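Peer 1: okay, sequence plus prediction incoming.
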Amino acid sequence: KDRGWAWTQAIVGCPTKHLVLVGSPDIWEVLKDLLHRLGIEHELVKCERLQPLHVEKEPCLIEDAKPGDAFVVFSRKDVFFYQEMLAKRGLSTAIIYGALGPEVRRSEAQRFRSGEAKVLIATDAIGMGLNLPISRIVFTTAEKYDGTEVAPIDPSLVKQIAGRAGRYGHFDEGYVTAVESGALSYIRH
């Protein structure tokens, strides 16, 4: 419901001979039906994750934060709250959220990539194609304001964000956790 119009517009209105769509397998049934209705030839290529991804058994407290972690928040207020808390532990942070300008976002991503910033604090903006050397995703909540109400994070968004952990070529595996047990239980489910 959030991006369906963009996918439809790209498929129906894109003046190209070859279009590659990359996304979650969850979209395939809807996409396949649309392609059939439009009479568009298509090929499905499935890719497997190159590194294992594990959901940790225990929550991650701020005291447990370590270099390579990415704390995922869902408000700008929480970005700055976690930045302050991690700074008190002596960890330098980079921050990424949707309202940052592209140059600032690139600069913050580079600070994290280079190791200058040890921990990343980001909104779900990191799920949108930023490839960063994240070893562990730490969800600070399992709820998000969706424009009308605070609701559980959509499972596809959980997967998209969690999938940022364990960057191939940087780590042998990735980890996902949350700062409190209720959120961790939701994330695991």
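Peer 2: Yep, that arrived. Numbers count the residues shown, from 1 in each chain.
Peer 1: show me which positions of stretch 60-71 end up buried.
Peer 2: Using 16 or more other C-beta atoms under 10 Å as the test for burial, stretch 60-71 gives Cys60, Ile62, Ala65, Gly68, Asp69, Ala70, Phe71. To be clear about C-beta, it is placed using only N, CA and C from the backbone, and glycine gets the same treatment.
Peer 1: can you verify my assumption that the second one contacts Gln83?
Peer 2: Meaning Ile62. No. Between Ile62 and Gln83 there is no contact under C-beta atoms under 8 Å: 11.2 Å.
Peer 1: circling back: for the buried residues of stretch 60-71, which one is nearest Glu108?
Peer 2: Of all the buried residues of stretch 60-71, the one sitting nearest Glu108 is Ala70; the distance, using C-beta to C-beta, is 11.8 Å.
Peer 1: would you say the closest one is within a helix?
Peer 2: No. Going by DSSP: H, G, I helix; E, B strand; the rest coil, the assignment for Ala70 is strand, not a helix.
Peer 1: isn't it up against Arg136?
Peer 2: Yes. Here Ala70 lies in contact with Arg136, judged by C-beta under 8 Å, at a distance of 7.2 Å.
Peer 1: any common contacting residues for the two?
Peer 2: Common contacts of Ala70 and Arg136 (C-beta atoms under 8 Å, 6 or more residues apart in numbering): Ala165.
Peer 1: wait, which of the buried residues of stretch 60-71 is closest to Gly182?
Peer 2: Closest approach between the buried residues of stretch 60-71 and Gly182, by C-beta to C-beta: Cys60, at 13.8 Å.
Peer 1: nearest the middle, which residue of this structure would you pick?
Peer 2: Central residue of the chain (C-alpha atoms, centre = their mean): Ile161, 2.2 Å from the mean position.
Peer 1: ok, it touching Ala125?
Peer 2: No. Assessed by C-beta under 8 Å, Ile161 is found out of contact with Ala125, at 9.7 Å.
Peer 1: where do the strands sit along the protein?
Peer 2: Counting by DSSP state E, the segments of the chain that form strands are 53-55, 69-72, 93-96, 119-122, 136-139, 143-145, 150-152, 174-178.
Peer 1: what comes into contact with the longest one?
Peer 2: By C-beta under 8 Å, 6+ apart, the list of residues contacting strand 174-178 from outside reads 51-56, 58-60, 134-142, 162-167, 184, 186-187.
Peer 1: among the strands of the chain, which is nearest Cys14?
Peer 2: Using C-beta to C-beta, these put strand 93-96 closest to Cys14, at 28.8 Å.
Peer 1: can you tell me what sits against that closest one?
Peer 2: If you take C-beta under 8 Å, 6+ apart as the criterion, strand 93-96 is touched by 79-80, 82-83, 86-87, 105, 108-109, 111-112, 116-123, 125-126, 130.
Peer 1: over to stretch 141-159?
Peer 2: 24, 26, 73-75, 78, 124, 127, 139, 178-179, 182-183, 186-187.
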